[in-house]
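Chemist: sequence unavailable; structure follows:
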């Protein structure tokens, strides 16, 4: 965890600050600080999408998928706050004049900021149904791309081919590729056949038991079982129209020789309330590898 925080501080705050100190000589402090904040916001949003890929290396570095998504959430909200400060402080450097796309860059920046405010507000309002949140959350990446175009076309005292320019473009490129990966890898799809990138393993529901508002069920592998440690969680989806959405749940059984899994799920949202209605013995479940440390 310490290493992850050190990397975030170094790459998002320290390195761009050194670049700004070198590149903004003779520029007013307000303008230099405002553009520095814009760079920090771009790096923060890039990390948000890198964290959302669920890659093993990223998960391990940030202490498990559950913790990496905590970073994902707060990086997103922090980036919005930084964008707000960037917008409030005059970032115009008059001696640079206006670029061919300067006005368009201003419009894209404004559109990206306004859109992020709306979509991140939806994210923090917990009363909004999960389906609406999930659908709208996908559009944040489009707004991120608009912010990257704003950076590319806005007048600045350094070239995109300079070390600072290449550094920011590199991270933004990784962020955009990560965003596209989260869309095309189909994390919400149900089966490995539909989405080989996801790498789920097929299981069968062998029994279920409902106690109050909690349903417990056991799964046995139809092929090769996943590997997991006690206390980890996995994403599950079922071959049923109402249960195809992939959701994370803690595995409530220690690893066993037969590879069977047990989940005990409390009804807390729309999906978990519907689960007892549609879950049936013999139904196929698609389970990801174990996540979390």
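Modeler: All right, it came through fine. Since the structure is predicted, the reported quantities are computational estimates derived from the model, not experimental observations. Numbers count the residues shown, from 1 in each chain.

Chemist: can you show me the helices along the stretch 51-200 of the chain?
Modeler: Secondary structure of the stretch 51-200 of the chain (DSSP state H, counting those that start in this stretch): helices at 56-61, 65-88, 102-124, 130-137, 140-153, 163-184.

Chemist: what would the ones you listed look like in a markdown table with distance to residue 231?
Modeler: All C-beta atoms are positioned from the backbone trio N, CA, C, and that covers glycine. Putting those into a markdown table (distance: least, CB to CB, whole Å) gives the following:
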| stretch | distance to residue 231 |
| --- | --- |
| helix 56-61 | 15 |
| helix 65-88 | 11 |
| helix 102-124 | 27 |
| helix 130-137 | 25 |
| helix 140-153 | 31 |
| helix 163-184 | 26 |
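
Chemist: which one of the ones you listed lies closest to residue 273?
Modeler: Checking the helices of the stretch 51-200 of the chain against residue 273 by CB to CB gives helix 130-137 as the closest, at 11.3 Å.

Chemist: for the closest one, the distance to its chain's centre please.
Modeler: Here the centre of helix 130-137 is set off from its chain's centre by 13 Å, with CA atoms, centre = their mean, to the nearest Å.

Chemist: that one - contacts with which helices or strands?
Modeler: Contacts defined by 3 or more CB pairs under 8 Å, 6 or more residues apart in numbering; DSSP states H and E place helix 130-137 against helix 102-124, helix 270-278.

Chemist: let's go with 7 Å and repeat that
Modeler: Packing contacts for helix 130-137, counted by 3 or more CB pairs under 7 Å, 6 or more residues apart in numbering; DSSP states H and E, involve helix 102-124.

Chemist: helices and strands around the helix it packs on, which ones?
Modeler: Secondary-structure packing of helix 102-124 (3+ CB pairs under 7 Å, 6+ apart): helix 65-88, helix 130-137, helix 140-153.

Chemist: how far off centre is the last one?
Modeler: Put plainly, it is helix 140-153. In terms of CA atoms, centre = their mean, the centre of helix 140-153 is found 16 Å from the chain centre.

Chemist: now that helix: buried residues?
Modeler: Residues 140-141, 143-153 are the ones in helix 140-153 that count as buried (16 or more other CB atoms under 10 Å).

Chemist: what's it in contact with?
Modeler: The contact list for helix 140-153, computed with CB atoms under 7 Å, 6 or more residues apart in numbering, reads 38, 42, 45, 49, 99, 101-102, 104-105, 108-109, 111-112, 115-116, 119, 160, 168, 172, 175-176, 179.

Chemist: just the buried members of those?
Modeler: Judged by 16+ other CB under 10 Å, buried ones among these: 38, 42, 45, 49, 101, 105, 108-109, 112, 115-116, 119, 168, 172, 175-176, 179.

Chemist: now the spatially most central residue of the chain. Nearest residue, chain neighbours left out?
Modeler: By CA atoms, centre = their mean, the chain has its centre lying nearest to residue 52, at 3.2 Å. Once flanking residues are discounted, residue 52 sits nearest to residue 182: 5.1 Å by CB to CB, 6 or more residues apart in numbering.

Chemist: and the one you found, how far from residue 86?
Modeler: According to CB to CB, to the nearest Å, residue 182 and residue 86 sit 25 Å apart.

Chemist: element containing residue 49?
Modeler: Per DSSP states H and E, residue 49 falls inside helix 29-51.

Chemist: what's that helix packed up against?
Modeler: Counting by 3+ CB pairs under 7 Å, 6+ apart, the packing neighbours recorded for helix 29-51 are helix 15-23, helix 65-88, helix 140-153, helix 163-184.

Chemist: buried ones in the first one?
Modeler: Using 16+ other CB under 10 Å as the burial criterion, the residues of helix 15-23 that qualify are 15, 16, 19, 20, 23.

Chemist: and of those, the nearest to residue 293?
Modeler: Ranked by distance to residue 293 (CB to CB), those are led by residue 15 at 27.9 Å.
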